[in-house]
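1. Quick one: sequence plus predicted model below, questions after.
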Amino acid sequence: MALGGAGGGGHVRGRRRARRRPLSEINVTPLVDVMLVLLIIFMISAPLLTVGVPVELPKTEASAVETNNEPLSVSIDRDGRIFVGEGEVAYEQLLQRLGGEAADGSAPATERPVFVRADGRAPYQAVARVMARLSAGGFTKLNLITDTAPDAARMAAVAAAEAPTGG
């Protein structure tokens, strides 16, 4: 003899199926996932957007320069070749090319800062010629770009120790 208990499989009258109400909360987990992926993509791609001429910058103790205008970039590689942006330019055409590069800016070409990025193994004469040419062309905001030395304090101590003493 079988008795029907409370947990039986029979149909019970009066019991209604629970109605699902619409969810009124926003699930932010997918939003956070997408934002983190975009952040990683931009963190990886941002350093790749810098000037593309590979130069090995000399190390110094100087700090970074802050500027409001978009700077013009002149690079000198180890062989003494001159580049404006990423394109190679002849020494004689340097001022004309910089004037063309600066034409899209709001400030006059000679008012915009010029960043000179020279390879540490570039001939000193090539760097000096470019700096002199820019100065003679009216550019007054010339900046020589270098890397900051990671152990600048140690280098300064070594230089002070090697300096001849007067005595």
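-> Sure, I can see it.
2. Check which helices and strands the biggest helix by length in the chain sits against.
-> Using DSSP state H, we find that the single longest helix of the chain is helix 29-45. Of the remaining helices and strands, none touches helix 29-45 by 3 or more Cβ pairs under 8 Å, 6 or more residues apart in numbering; DSSP states H and E. Just so you know, the C-beta spots here come from the backbone N, C-alpha and C atoms, and that holds for glycine as well.
3. Can you tell me the strand partners of the following helix or strand past that helix and which way each runs?
-> Proceeding N to C from helix 29-45, the next assigned helix or strand is strand 59-60, under DSSP states H and E. Taking DSSP bridges as the criterion, strand 59-60 sits next to strand 147-148 (parallel) in its sheet.
4. now the partner strand: mean pLDDT?
-> What strand 147-148 shows for mean pLDDT is 73.
5. Tell me where this structure has helices.
-> Residue ranges of the helices in the chain, as given by DSSP H, are 29-45, 94-102, 124-136, 152-162.
6. If you count neighbours, what's buried in the shortest one?
-> Looking back up the chat, that one is helix 94-102. For helix 94-102, burial by neighbour count (16 or more other Cβ atoms under 10 Å) applies to 94-95, 97-98, 101-102.
7. Pick out the most distant pair among these.
-> Largest separation among the buried residues of helix 94-102 by Cβ to Cβ: 94 and 102, giving 12.5 Å.
8. related to what we said a few turns ago, lowest-confidence one in the buried residues of helix 94-102?
-> The model is least sure about residue 102 among these, giving it 62.
9. In TSV: the buried residues of helix 94-102, plus distance to residue 45.
-> Formatted as TSV, the buried residues of helix 94-102 follow (distance: Cβ to Cβ, whole Å):
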residue	distance to residue 45
94	30
95	33
97	27
98	27
101	23
102	26
